[in-house]
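Could you look at this predicted model? Sequence included:
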Amino acid sequence: MLVDPHTYGSLFYMLLAMATGTFYFTWVVTGLSLSLGLAILIIGIPFFILFIGATRILALVEGRLVEVMLGERMPRRPLYAERGLPLLTRIGRMFTDPRTWSTMLYMLLMLPLGVAYFTAAVTLLSVSLAFIAAPFGYFFASGNYGMILGDYNVVANAPWVLPLLSVAGVVLLFATLHLARGIGKLHGLLAKHLLVRSAVV
C-alpha cells in the first residue's frame, strides 16, 4: 500500500475533488439553465448541442484524471456515436444516449463528494501529522504547549503521553492512506459506471 502510487494519487484526488467538483457542478447547472432559458430563441438549440459536446469532452478529461490518479481503466476517446453516421443522426444519438445524462449526474454528484473527500483528507492528515509532531512541538516550541481538554493541559501535566500521541499519529496516517485507497477504488467504479458504457472500456 505504501509503495502503491495510486494510494497517493487517490489522496491527491481527494484534495483536488472539491475544486473539480465545484467546477463540474457549476458547469452543468449553468449550461442547463442557459439552455432552458434560451430554448425560446433559435440560438438555444445550437447552444444546447455545444453544451452537450463540451460536457463529453470534460467527461474524457475526468476519465483521464481517474485513470492516472485512481488506477481505474477509462476510455481515451469518445464512446458515443459512430463516425460514419450523418451529422444529424449523431446529434440525435447524443440526446438519446444514457451516458449523456449519467455524465451530468456524475458532475452534479462531484460537488458533495468533492467537499466530503476534501474535508476528510484535510482533517485526517492534519490530525495525524499534528500528533506525529507533538513531541517536537513540546521540546522546541516556546511558551505553553499542550493538548487542552477543558481547563486541563494534558501534555503539560502528563508529558509521557507524547510518545503515545506520536504513535497514534502514525497509526492514523496509515489508516488515512488505506481509507484514501479505498475511496479511490470506489470512486473509480462510480466514474466508470456513470461516464463509460459498460460494454466498452
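On my side now, so go ahead.

May I ask which helix or strand of this structure has the lowest mean pLDDT?
When the helices and strands of the chain are scored by mean pLDDT, DSSP states H and E, strand 148-149 comes last with a mean of 49.

list the buried ones in stretch 129-139?
Within stretch 129-139, the residues that count as buried by 16 or more other C-beta atoms under 10 Å are 131-132, 134-135, 138. Just so you know, the C-beta spots here come from the backbone N, C-alpha and C atoms, and that holds for glycine as well.

Need those in CSV (columns: secondary structure).
Compiled in CSV, these are given as follows (DSSP: H, G, I helix; E, B strand; the rest coil):
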residue, secondary structure
131, helix
132, helix
134, helix
135, helix
138, helix
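
Identify each buried residue in stretch 163-175, please.
If you call a residue buried by 16+ other C-beta under 10 Å, then stretch 163-175 has these buried ones: 165-166, 168-169, 172-173.

Could you do stretch 11-20 as well?
In terms of neighbour count (16+ other C-beta under 10 Å), stretch 11-20 has its buried residues at 11, 13-14, 16-18, 20.

tell me the average confidence for it?
Along stretch 11-20, the predicted local confidence has a mean pLDDT of 95.

What of stretch 57-71?
Averaging pLDDT along stretch 57-71 yields 91.

Renumber starting at 47 from here on
Shifting the count to begin at 47 puts that one at stretch 103-117.

all helices of the chain, in order?
Counting by DSSP state H, one finds helices in the chain at the ranges 51-83, 90-111, 133-142, 144-178, 180-186, 200-203, 207-241.

Take these and write them to CSV, including distance to residue 118.
As requested, the helices of the chain are arranged in CSV below (distance: least, C-beta to C-beta, whole Å):
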stretch, distance to residue 118
helix 51-83, 9
helix 90-111, 9
helix 133-142, 24
helix 144-178, 13
helix 180-186, 37
helix 200-203, 43
helix 207-241, 3
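
between the ones you listed, which has the poorest average model confidence?
Across the helices of the chain, the stretch with the lowest average pLDDT is helix 200-203; it has a mean of 56.

still on that earlier bit, between the buried residues of stretch 57-66, which is nearest residue 75?
Nearest to residue 75 among these: residue 66, at 14.9 Å, using C-beta to C-beta.
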